[in-house]
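> Sequence first, then the predicted structure, then my questions.
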Amino acid sequence: MNTLNILFAVGLQNDLDPNNETFLLNISNKLNNFKGIVFTVNKSYPAGSYNSLLEAKYNDNEYCIQLSEGADFIDGIKNALDSSFHWGTLQTVGITSQEIIQKMYEMPLFGSNKIDFHIIGLNTDTMVISTALLLRTYFPNNQITIDASCCSGTSQDKHIAALKTATSNYIHVINSSDVEDIVEVQ
């Protein structure tokens, strides 16, 4: 059985850009050198709809509004995506977790391969961890790896807390000096 590597690159959008050159270089290198299929997972909101969301109660700044520059990929990331086998972008607003999983099942050779999942992106404490936990729920016996050097949280403390949550759910965390990694899941 062959191993199919799938990389989820989440939230790599202008409105979420941490303006950190090292982070962007790490992301670009990961995308340019990844051997497998890349899914991008972006959130975007219809204009005028943000205030009706639960999230707006906790974050009063509208962001990633559909068709705005803020919802687009970070400029340096666009080129790296063009050079990878980019399967497609999954919009996460208005799509259920079951629909995300169904989209994956539609991929050629999905059922005939062992699948290892890899996750990078923004924000570690929201989109990255929710993607990782979603995958863990639907694929309890698959290897899932988060590359911490290619993730950024809303704060360093929240970033570390999300990575610790990942390891307690048997998700492999690499390139982090702040989180003790787990033994690889077989």
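Received it, and whenever you're ready, just let me know what you need. Numbers count the residues shown, from 1 in each chain.
> contacts and neighbour counts: CA atoms only from here.
Fine.
> can you pull the buried residues of the one helix or strand residue 149 maps to?
Using DSSP states H and E, residue 149 falls within strand 144-152. Using 16 or more other Cα atoms under 10 Å as the test for burial, strand 144-152 gives 144, 145, 146, 147, 148, 149, 150, 151, 152.
> What is the nearest of these to residue 169?
Taking Cα to Cα as the measure, residue 144 is the one of the buried residues of strand 144-152 closest to residue 169, at 9.9 Å.
> Just give the closest residue to the closest one, not the sequence neighbours.
residue 117 (4.7 Å; Cα to Cα, 6 or more residues apart in numbering).
> ok, now which ones touch residue 3?
Contact analysis of residue 3 by Cα atoms under 8 Å, 6 or more residues apart in numbering lists 113, 114, 115, 116.
> Let's have the buried residues of strand 144-152 in a markdown table, adding distance to residue 134 and pLDDT.
Listed next are the buried residues of strand 144-152 as a markdown table, based on distance: Cα to Cα, whole Å; pLDDT from 0 to 100:
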| residue | distance to residue 134 | pLDDT |
| --- | --- | --- |
| 144 | 11 | 96 |
| 145 | 13 | 97 |
| 146 | 13 | 97 |
| 147 | 17 | 96 |
| 148 | 18 | 95 |
| 149 | 21 | 93 |
| 150 | 19 | 93 |
| 151 | 17 | 93 |
| 152 | 19 | 88 |
